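Q: how would this look folded up:
(chains A and B)
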Amino acid sequence: MTDYNFAYLDEQTKRMIRRAILKGLAIPGYQVPFASREMPMPYGWGTGGVQVSAATLTPDDTLKVIDQGADDTTNAVSIRKFFEVTAGVTTTENTTEASVIQTRHRIPEAELRDDQILVYQVPIPEPLRFLEPRETETRKMHALEEYGLMHVKLYEDISQHGAIATSYAYPVKVEGRYVMDPSPIPKFDNPKLEMSAIQLFGAGREQRIYALPPYTKVESLDFEDYPFEATKADHACDMCGAENSYLDEVIMDDQGSRMFVCSDTDFCAGRQQAGHLGALAAVNAEDAA
Amino acid sequence: MTPLLKVQNIAKFYGNRIGCRDVNFDLYPGEVMGIVGESGSGKSTLLNCLAGHLVPDDGAVLFDTRTDGLKDTVTMPEPERRMLGRTDWAFVHQHARDGLRMNISAGGNVGERLMAVGARHYGNIRSDAIDWLGRVEINETRIDDHPTAFSGGMQQRLQIARNLVTGPRLVFMDEPTGGLDVSVQARLLDLLRGLVREMGLSAVIVTHDLAVVRLLADRLMVMKDGHVVETGLTDQVLDDPQHAYTQLLVSSVLQV
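A: Numbers count the residues shown, from 1 in each chain, chains lettered A, B, ... in the order given. Model (predicted):
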């Protein structure tokens, strides 16, 4: 096939990453340091996720890569190609067919199964980072379970905006112990973090791996009088009519008209094929014709 | 009566130089202890050793904990010591910006200690914050302003509110009036005296301003070159200084 070792990384590196993954699974929510390698892509493009995927993939796996829910954006396309070339694994856009799904900023709408692995690309793994810049101090705070500061951030949100305005990277508490940054997924996806699939989080630049084993208890932090709310745009998808999926808002022209579409392209396409149509689907079909 | 704080033979060295050594005293509930001395005399080193910010090289700092009575805070596990640091203890820094989070609103600053000990009801946290801002004479309308928008005196009062909100029993103060102009100092001292008496606080106050200890402290400890040279009741030490250095210190105050 190629001159690359299977999935680009050498076997020793993959062993090192697998050890970090296993430790992460053993201590859910704990950030395990690992010797992140230089990858043939810039930091911020998913170097952490790619390394975790590379260490997880086997030749029999089917890989799906999504970026903000879409299969066809630059980041998703290039990472998919990368593994087609270096690992020769089958790739798919279909969520149910995939055994390993690498994702950036979304959890697929379709419910995942216990034979699937979801790999997140994480920019900043430390949920306390913007409140406490010292790494030595944040590590101590995790070790001693001093998480009061996390609520200070939510307090600030309410005092400034009247509600918890944090809408993505919403902090969660894992199994009543570690506070974890779920990567910048919308808070709409937070309830889905309790799932049957294994979830692995890789931060390449920050050199951290953490994980959620299947069925791990994940609570979103909140106040008694301001409970957590999974929000989305108050609209139905204009393409497939779905009312329970996370939507992207698309500006259509200079007059400010807009449409809402599912951010999960596979979910949306599947519904359209099954005959569900949204308010603007007909218009769109005419344009195409 | 059990002392609230029992300090035994505290010593701290920086290499060959002495930070402070052979410091012994007992602090009883409701008592305010002043520590005076010139710059570099070891006052701040001592205070940091007592508050657990520095590890002393020798000696013990026994604190009368609510559950186990007198307990050495130097050897106690770190989680327990940090817990004390945000419940029964308070630390007022000389520069308010060391003790405040400057990028968080005044209300958030006051609420932080409450949330750190488990308060999870926004409405209650906010009303406690408003209550405390009032007690330190900061207008309620400033609750959502950042401390950067406050004057030096207001920042210092905010720091005090933030520290006292969990009802501590022992307050450490490091030059609480340093860097403030005299009229603001006077109001701050007035406020502090009121709070200390009203809440029955015990306090250890480090300062080089003799007026501060005259107003606030029951007892006084004079330090020089890392050693305690004189101790006694505040009025006694200031009106009838025995040690040559204390005499110098007292006579150095400009009479207007």
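
Q: Can you give the domain ranges for the chain?
A: Using chain A here. A:11-127+A:172-219, A:128-168, A:247-288 (automatic domain parsing).

Q: please go with chain B instead
A: B:5-88+B:169-255, B:101-167.

Q: For A:L25, which of the ones you listed is the nearest?
A: domain B:5-88+B:169-255 (26.0 Å; C-beta to C-beta). (C-beta placed from N, C-alpha, C; glycine too.)

Q: Just the pLDDT for A:E286.
A: We have a pLDDT of 62 for A:E286.

Q: what do you get for A:A98?
A: For A:A98, pLDDT reads 97.

Q: I'd like to know how far the closest residue to it other than its chain neighbours sits from A:C262.
A: Excluding its sequence neighbours, the residue lying closest to A:A98 (C-beta to C-beta, 6 or more residues apart in numbering or on different chains) is A:K64, at 3.6 Å. From A:K64 across to A:C262, the span is 16 Å (C-beta to C-beta, to the nearest Å).

Q: what sits against residue 69?
A: Reading this off chain A. The neighbours of A:G69, taking C-beta atoms under 8 Å, 6 or more residues apart in numbering or on different chains as the test, are A:H105, A:R106, A:P108, A:Y246, A:D248, A:C262, A:S263, A:D264, A:T265.

Q: Can you look at chain B instead?
A: Contacts of B:G69 (C-beta under 8 Å, 6+ apart): B:T2.

Q: near chain A, which residues of the stretch 151-256 of chain B show up?
A: Contacts of the stretch 151-256 of chain B with chain A, taken as C-beta under 8 Å from any C-beta of the partner chain, are absent.

Q: can you list the weak-confidence ranges in the stretch 151-256 of chain B?
A: Applying pLDDT under 70 to the stretch 151-256 of chain B flags the ranges B:256.

Q: Also the stretch 1-150 of chain A?
A: A:1-2.

Q: So which residues of it form strands?
A: Here the stretch 1-150 of chain A has its strands, by DSSP state E, counting those that start in this stretch, at A:32-33, A:62-67, A:90-91, A:100-104, A:117-121.

Q: Turn those into TSV, including mean neighbour count.
A: Formatted as TSV, these follow (neighbours: other C-beta atoms under 10 Å in any protein chain shown):
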stretch	mean neighbour count
strand A:32-33	16
strand A:62-67	25
strand A:90-91	16
strand A:100-104	25
strand A:117-121	26
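
Q: quick one: which of the ones you listed is nearest A:M239?
A: strand A:62-67 (17.1 Å).

Q: got the angle for that closest one vs strand A:117-121?
A: Going by axes from the mean of the first three to the mean of the last three C-alpha atoms, to 10 degrees, strand A:62-67 is angled at 30 degrees with respect to strand A:117-121.

Q: Strand A:62-67 packs against which elements?
A: helix A:74-86, strand A:90-91, strand A:100-104, helix A:265-273 (3 or more C-beta pairs under 8 Å, 6 or more residues apart in numbering or on different chains; DSSP states H and E).

Q: now that strand, how far from the centre of its chain.
A: How far strand A:62-67 lies from its chain's middle: 11 Å, per C-alpha atoms, centre = their mean, to the nearest Å.

Q: neighbouring contacts of it?
A: In contact with strand A:62-67 (C-beta under 8 Å, 6+ apart) are residues A:53, A:57, A:71, A:73-77, A:79-80, A:83, A:87, A:89-95, A:97-106, A:108, A:264-266.

Q: Drop anything exposed from these.
A: Among these, the ones that count as buried by 16 or more other C-beta atoms under 10 Å in any protein chain shown are A:53, A:57, A:71, A:75-76, A:79-80, A:83, A:87, A:89, A:91-93, A:95, A:98-106, A:108, A:264-266.

Q: Reformat the contacts of A:G69 as TSV; add distance to B:T65.
A: Shown next, in TSV, are the contacts of A:G69 (distance: C-beta to C-beta, whole Å):
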residue	distance to B:T65
A:H105	47
A:R106	49
A:P108	52
A:Y246	50
A:D248	55
A:C262	57
A:S263	53
A:D264	54
A:T265	59
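
Q: quick one: which of those is nearest to B:V229?
A: Nearest to B:V229 among the contacts of A:G69, counting by C-beta to C-beta, is A:H105 at 64.6 Å.

Q: roughly how far apart are the closest one and A:D61?
A: 22 Å.

Q: can you check B:K224 too?
A: Going from B:K224 to A:D61 by C-beta to C-beta gives 74 Å.

Q: again, but for A:E126
A: 30 Å.

Q: quick one: which of these two has more around it?
A: A:E126 (22 against 18; other C-beta atoms under 10 Å in any protein chain shown).

Q: residues contacting the more buried one?
A: Taking C-beta under 8 Å, 6+ apart, one finds A:Q31, A:E135, A:T138, A:D181, A:E206, A:R208 in contact with A:E126.

Q: ok so, going back, for B:L248, which of the domains of chain A is the nearest?
A: Judged by C-beta to C-beta, the one of those that comes nearest to B:L248 is domain A:128-168, at 41.5 Å.

Q: All the helices of the chain, residue numbers only.
A: Let's take chain A. Listed in chain order, the helices of chain A (DSSP state H) span A:11-26, A:47-56, A:74-86, A:135-143, A:148-161, A:265-273, A:281-288.

Q: Let me rephrase: I mean chain B.
A: With DSSP H as the criterion, chain B has helices spanning B:43-50, B:78-86, B:96-99, B:106-116, B:122-135, B:152-164, B:182-199, B:210-216, B:234-239, B:244-251.
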